[in-house]
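Trainee: the following block contains a protein sequence and its predicted model.
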Amino acid sequence: MVFSAAQLIRRDGVASTGMREVAVTAAAPRGSLQHYFPGGKTQLVDEAVGWAGGYAADRVARFLASLPEPTPSGLFAAMVRQWTDEYEAAGFAGGCPVAAATVDCAESVPSTRKAASAAFATWTGAVARALTGMGVPEERAGALATLMISSLEGAIVLARADQDVRALTTVARELGPVLDAAVRKPDGSPAGDDTGASPKAVKLWLGRGCPGGRRQRFRRT
């Protein structure tokens, strides 16, 4: 039911997602909602948002594992590719449920705002740890993780508005070199071009030549 709620929120927003619709989508008895979510819709939304943040964080490790040579730009391109794959295959109906809940509830439902903040923090933390593991100094990793996620979220909104993935491919192409330039050698000196992904490499990951084929559709944030 939490998963079903997240899918409906990412498509329709919180206001348009009803408990009855969640039960139908999840093929669950309606009475089970009251049993598992005594706090009603607010509790369900908050748990769906928390689940989405955890899912996004877990995906970071999977993206890294898929890269033949992990780089910050390669990680960001893989994060973007998840969305371009979905939009090219299934259209632009869905967005990020955490962002959707923030837009709908940041002022009106304090618990949901807190859940969204915690979800973004969980995701940002996972990205920051990945960057640190690739040689980005710890003092910069958090800021760059925030830059990556905020750029991705903004590009998702533009892509849905334009019905075009251009905004997504643009942020991957333009931000990639900035991310790779932050990598440092153990002595603190810049790692140089040998660690950074070239524009051609970023294009490979965003295009059909991505090793492993299409990314799995985002059916679980």
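Mentor: Perfect, I can see it now.
Trainee: tell me which other helices or strands the helix or strand hosting residue 154 touches.
Mentor: In this assignment (DSSP states H and E), residue 154 forms part of helix 138-162. Using 3 or more Cβ pairs under 8 Å, 6 or more residues apart in numbering; DSSP states H and E as the contact test, the elements touching helix 138-162 are helix 72-90, helix 97-105, helix 110-133, helix 166-181. For glycine as for every other residue, the C-beta is placed from the backbone atoms N, C-alpha and C.
Trainee: what angle sits between that helix and helix 72-90?
Mentor: Going by axes from the mean of the first three to the mean of the last three Cα atoms, to 10 degrees, helix 138-162 is angled at 20 degrees with respect to helix 72-90.
Trainee: hmm, who's touching helix 138-162?
Mentor: 72, 76, 79-80, 83, 87, 92, 95-96, 99, 120, 123-125, 127-129, 131-132, 136, 165-168, 170-171, 175, 179, 182 (Cβ atoms under 8 Å, 6 or more residues apart in numbering).
Trainee: for the residue nearest the centre of the chain, which three-state class applies?
Mentor: In the chain, the residue lying closest to the centroid (Cα atoms, centre = their mean) is residue 56, at 5.1 Å. What DSSP: H, G, I helix; E, B strand; the rest coil gives for residue 56 is helix.
Trainee: tell me the contacts of it?
Mentor: Listed by Cβ under 8 Å, 6+ apart, the contact set of residue 56 reads 98, 119, 122, 123, 126, 221.
Trainee: next, give me the two most distant ones among those residues.
Mentor: 98 and 126 (13.6 Å; Cβ to Cβ).
Trainee: distance of residue 160 relative to residue 120?
Mentor: Distance of residue 160 to residue 120, given as Cβ to Cβ, to the nearest Å: 19 Å.
Trainee: those two: which has the busier surroundings?
Mentor: Legend: neighbour count by other Cβ atoms under 10 Å for residue 160 and residue 120, higher for residue 120 (22 against 17).
Trainee: quick one: buried ones out of the contacts of helix 138-162?
Mentor: Among the contacts of helix 138-162, those classed as buried by 16 or more other Cβ atoms under 10 Å are 72, 76, 79-80, 83, 87, 92, 95-96, 99, 120, 123-125, 127-129, 131-132, 136, 165, 167-168, 171, 175, 179, 182.
Trainee: contacting residues around residue 182?
Mentor: By Cβ under 8 Å, 6+ apart, the contact list for residue 182 reads 72, 131, 136, 137, 140, 144.
Trainee: can you check residue 166 too?
Mentor: Residue 166 sits next to residue 159 when contact means Cβ under 8 Å, 6+ apart.
Trainee: mind checking pLDDT for it?
Mentor: Note on residue 166: pLDDT of 98.
Trainee: same question for residue 34.
Mentor: Note on residue 34: pLDDT of 79.
Trainee: make 14 the starting number, not 1.
Mentor: Yes, from this point I'll number from 14; that puts the last item at residue 47.
Trainee: give me the neighbour count for it.
Mentor: Residues lying near residue 47 (other Cβ under 10 Å) number 11.
Trainee: so which residues make contact with the one helix or strand it maps to?
Mentor: Secondary structure from DSSP H and E places residue 47 in helix 43-49. The contact list for helix 43-49 (Cβ under 8 Å, 6+ apart) reads 14, 32, 33, 35, 36, 57.
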